[in-house]
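Asks: sequence first, then the predicted structure:
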Amino acid sequence: MPKIARPTRPLADVNLLSQADGTHEVVVCFMPDPELIFGEGDTRAFLALDASLSLKKMYGFGGPFGGDPNYVQGVARKLGNILAGITLSGQASAIYWAVSPDGGKIEEIGEFSEEDWLTASVAGPVVQKWGRGTQLLPAIQYGFEQVAKGATGTIGVIITDGIIQDEQDCINYCQNIGQTLAGQDPEPFKLVLIGIGEEVDEGQLERLDDMFEGTGIDYDLWSSGMVASMQNEADILAVVFGELTSDIVAPTGRVESQSGQVLAEWSDGLPGKFRFILPQGETAFIVHTPSQDIVQDISEVFVTA
């Protein structure tokens with residue numbers, strides 16, 4: 001599915017799917033609104049990338065001489081760009097986790113602005129070795145003890161492709177987080193865990209998601225989702241948007257073609273994610289809201305098609 005490289009803000013993701021009749025189905029996602037997630041204040045974000053040995057091929061190191069596409073880098077650049085866009089500083093940090101022989105350490109990648117994320121190098125650990133285990137707790141601790149320290153709201157997106165070996169340690173640590181932060185509205189610390197591929201234990205993701213059920217702790221720390229492959233960038237983004245993007249971003253809205261044809265209209269609330277059909281020959285569309293008009297050019301899709 002062709003993707004617009006740099007959507008017009010506040011659009012975060014614009015994808016086009018060619019139809020047999022020459023039209024295009026367009027799928028649009030708005031940028032998350034940090035004030036709706038965390039309220040006003042110092043919002044921060046981080047990205048934690050599994051760098052265990054099983055994912056090395058997805059970083060472009062497949063075969064004896066490498067040369068495979070670096071799918072992780074493509075996903076990380078997009079996610080980092082989006083996360084930086086919802087922080088007060090305009091920057092988001094990133095780490096590799098599950099590094100070192102036992103998979104129990106992290107390695108910091110750096111902190112980048114929205115613009116810098118688009119070209120950031122994400123090629124795997126440099127200091128540490130690729131991990132042979134998958135220990136998640138160090139990544140959670142990094143987010144809570146370093147990134148979130150002093151912030152009013154923090155979101156972390158964590159990607160993994162394996163079975164989490166220290167599940168109980170993670171649960172114990174996260175229960176302490178829940179007890180510390182319970183009752184705060186909006187909730188100041190959120191984690192999105194994305195499982196990639198067939199080796200992920202979906203039951204583990206569900207147990208993390210539901211860890212506070214029956215405990216009396218009123219806190220929604222985790223959200224999770226499964227994606228078939230690191231190559232499915234749109235599906236990975238969909239998991240994140242599902243957690244971060246508001247159902248409604250404006251009281252009303254409509255989409256028009258460049259020639260003025262109304263393609264979609266909402267009188268009871270413009271959703272944070274929507275789709276419509278763009279007629280053949282149109283190279284742009286306009287999203288009208290009560291506060292602004294967003295013009296999105298899509299001609300790059302036809303140049304590269």
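Replies: That came through, no problem.
Asks: element containing the most centrally placed residue in the chain?
Replies: Nearest to the mean C-alpha position of the chain, by C-alpha atoms, centre = their mean, lies Val240 at 4.0 Å. Per DSSP states H and E, Val240 falls inside helix 233-244.
Asks: how about Val28?
Replies: Val28 belongs to strand 24-30, assigned by DSSP H and E.
Asks: the inter-axis angle of that strand versus helix 233-244?
Replies: 40 degrees (axes from the mean of the first three to the mean of the last three C-alpha atoms, to 10 degrees).
Asks: quick one: average pLDDT of strand 24-30?
Replies: The average of the pLDDT scores along strand 24-30 is 92.
Asks: how about the contacts made by Ile86?
Replies: 31-34, 37, 43, 45, 155, 244 (C-beta atoms under 8 Å, 6 or more residues apart in numbering). To be clear about C-beta, it is placed using only N, CA and C from the backbone, and glycine gets the same treatment.
Asks: who touches stretch 146-158?
Replies: Contacts of stretch 146-158 (C-beta under 8 Å, 6+ apart): 34, 37-48, 50, 79, 83, 86, 93, 97, 136, 139-140, 143-144, 186, 188-194, 240, 244.
Asks: pull out the buried members of those.
Replies: Buried by 16 or more other C-beta atoms under 10 Å: 34, 37-38, 43-48, 50, 79, 83, 86, 93, 97, 136, 139-140, 143-144, 188-194, 240, 244, out of these.
Asks: do you know how far Gly85 is from Ser113?
Replies: 9 Å (C-beta to C-beta, to the nearest Å).
Asks: so which of the two has more stuff around it?
Replies: The residue with more neighbours, out of Gly85 and Ser113, is Gly85; 20 against 17, by other C-beta atoms under 10 Å.
Asks: for that one, give me its contacts.
Replies: Gly85 neighbours (C-beta under 8 Å, 6+ apart): 9, 12, 31, 114.
Asks: mind doing that once more with 6 Å?
Replies: The contact partners of Gly85, by C-beta atoms under 6 Å, 6 or more residues apart in numbering, come to 31, 114.
Asks: and the pLDDT at it?
Replies: 91.
Asks: roughly how far is the strand holding Val28 from the heart of the chain?
Replies: Chain-centre distance of strand 24-30: 17 Å, with C-alpha atoms, centre = their mean, to the nearest Å.
Asks: same thing with stretch 172-189?
Replies: 21 Å.
Asks: same deal with stretch 212-231?
Replies: Per C-alpha atoms, centre = their mean, the centroid offset for stretch 212-231 relative to its chain is 14 Å.
Asks: what are the contacting residues of that stretch?
Replies: 58, 71, 174, 178-179, 181-183, 191-196, 202, 205, 208-209, 235-236, 239, 243.
Asks: so which of the residues you listed sit within strands?
Replies: 191-196 (DSSP state E).
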